[in-house]
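In: sequence and computational prediction follow.
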Amino acid sequence: MANVALYSGTKCYFFSGDQYIRVTRGDSGAGTVDPGYPAPISNWGWGDFGANGIDAALHSGTKCYFFSGDQYIRVTRGDSGAGTVDPGYPAPLWNWAWEGLGPAIISPRRGFGELGSPTSAAVTGIDAALYSGTKCYFFSGDQYIRVTRGDSGAGTVDPGYPAPLWNWNWREFEDTWAKPCANHFFDPDFSRAEQERILERQLFALNRVQSCNSLSPAERADANAAYRNPIRYGREPSDNGRGWLGRNWLFVNLGNFANNAERNRELSQTLVHEMMHVANYSHPTRSGSPGDNGPYYGTVPLQAELCIGGVQSDEACTLRPDGSCSMG
């Protein structure tokens, strides 16, 4: 699966992980993969930048921009070849100073501003970039901005942005491609095996939720919607997991879950619990005991745990002032 595409005249580049291909094509159609591809992304000579992949690429005349996490580089190049990284790069993404970009891509882990506040784009990264003449579009999670700019520089965010992605009204596209977990993305320090394990446990949990009597039809529908949202995964350093109420972040500590049947069940419990926080369900401070259906164990995140194996975790999940809910 291609993660990033770069338009570049008669040559187009498609990136997936640490590999890429170059394709010769016209204005439409698939084109033809050039001889010698796939090739390693290290061929571009970017050093450590993007060694494990890039998040987005933007063609902008003689300048191209490549984004990875909260860093980016500007490259002077022609229609083909790696070109030359301009002096002063990599640089932090918040140099673009997109005021009002919104909380959907602000990283609470890195501490760039208060959660939910309209700060500059000090962010974990963007998911995609689109060059469109004097207008460029930048996408992150379920939000996007439109920027008026020239061939270089940050430009200016147009009035009325950020805006929700559904403004584009891609209903047929969403119905076809917005499958559960299809828009879930991982920070670069997750191995492929770790990513596959988390996604397998997520899909297992959602499958159990579909026919779970512990949740109402409306709650099951909310879970389905949450699993189709763009979710960015990071590493939780100590607790089992952490999610943010109504946000698209989820942090997991796989070191707390040995890869065996019992711990895999508990991993699914943790994931579905945090996904219900993503769906904006909360709970009070823990009280009572598992199974008592009380003020804590009777809430939706805890009821969702019952869908996995008929039991609830005795781990405490704490709602923090920043809107995150950490479990374990």
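Out: That came through fine.

In: helices of the stretch 151-300 of the chain, residue ranges please.
Out: With helices called from DSSP state H, counting those that start in this stretch, the stretch 151-300 of the chain shows them at 171-177, 192-210, 217-228, 261-278, 300-309.

In: need the contact list for F66.
Out: W46, F49, G50, I54, A56, A57, L58, Y72, I73, V75 (C-beta atoms under 8 Å, 6 or more residues apart in numbering). For every residue, glycine as well, the C-beta is placed using N, CA and C.

In: which of these count as buried?
Out: W46, F49, G50, I54, A56, A57, L58, Y72, I73, V75 (16 or more other C-beta atoms under 10 Å).

In: mind checking what secondary structure the third one has?
Out: On the three-state scheme (DSSP: H, G, I helix; E, B strand; the rest coil), G50 is labelled coil.

In: okay, now the residue nearest to it when sequence neighbours are not counted: neighbour count?
Out: Nearest in space to G50, with sequence neighbours left out and distances taken as C-beta to C-beta, 6 or more residues apart in numbering, is S68 at 4.5 Å. When neighbours are counted by other C-beta atoms under 10 Å, S68 registers 23.

In: what's opposite S68 in the beta bridge?
Out: Q71 (DSSP bridges).

In: list the contacts for it?
Out: S68 neighbours (C-beta under 8 Å, 6+ apart): F49, G50, G53, I54, D55, P90, G125, P188.

In: please identify which two of those residues are farthest apart in space.
Out: G53 and P90 (14.6 Å; C-beta to C-beta).

In: from H184, how far off is the residue nearest the centre of the chain?
Out: Among the residues of the chain, the one closest to the centroid is R232, at 3.0 Å (C-alpha atoms, centre = their mean). Here the criterion is C-beta to C-beta, to the nearest Å. By it, R232 lies 8 Å from H184.

In: in stretch 38-49, what's buried?
Out: Buried residues in stretch 38-49 (16+ other C-beta under 10 Å): I41, W44, W46, F49.

In: give me the nearest residue to R192, chain neighbours excluded.
Out: G17 (8.0 Å).

In: quickly find the element holding L6.
Out: strand 4-8 (DSSP states H and E).

In: average model confidence for that strand?
Out: The average pLDDT within strand 4-8 is 76.

In: check what contacts that strand and list those residues.
Out: 12-16, 53-59, 64, 77, 79-80, 128, 131.

In: from these, list the buried ones, please.
Out: For the contacts of strand 4-8, buried by 16+ other C-beta under 10 Å: 12-15, 53-59, 64, 77, 128, 131.

In: least trustworthy helix or strand in the protein by mean pLDDT?
Out: helix 171-177 (a mean of 54; mean pLDDT, DSSP states H and E).

In: buried ones in stretch 138-149?
Out: If you call a residue buried by 16+ other C-beta under 10 Å, then stretch 138-149 has these buried ones: F138, F139, S140, G141, D142, Q143, Y144, I145, R146, V147, R149.

In: cool, stretch 218-237 as well?
Out: Those would be 219-220, 222-223, 226-234, 236, for stretch 218-237 by 16+ other C-beta under 10 Å.

In: where does the stretch 201-328 of the chain dip in pLDDT?
Out: 322-324, 326, 328 (pLDDT under 70).

In: one step back: dump the strand holding L6 to CSV, keeping only the CA atoms.
Out: The C-alpha trace of strand 4-8 is given here as CSV (Å, rounded to 0.1, in the frame of the first residue of the first chain):
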residue,chain,number,x,y,z
VAL,A,4,2.5,9.0,0.1
ALA,A,5,2.4,10.2,-3.5
LEU,A,6,4.4,13.0,-5.0
TYR,A,7,3.4,14.6,-8.4
SER,A,8,6.4,15.7,-10.3
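
In: off-centre distance for that strand?
Out: 20 Å (C-alpha atoms, centre = their mean, to the nearest Å).

In: returning to what we had before: specify which member of the buried ones among the contacts of F66 is nearest to P284.
Out: Distances from P284 to the buried ones among the contacts of F66, taken by C-beta to C-beta, are shortest for A56, at 39.8 Å.

In: could you list every residue that touches the closest one?
Out: V4, F66, F67, G125, I126, D127, A128, A129, F138, F139.

In: so in terms of bridging, what pairs with the first one?
Out: Just to be clear, that refers to V4. F15.

In: so what's the residue count around it?
Out: V4 has 21 neighbours, counted by other C-beta under 10 Å.
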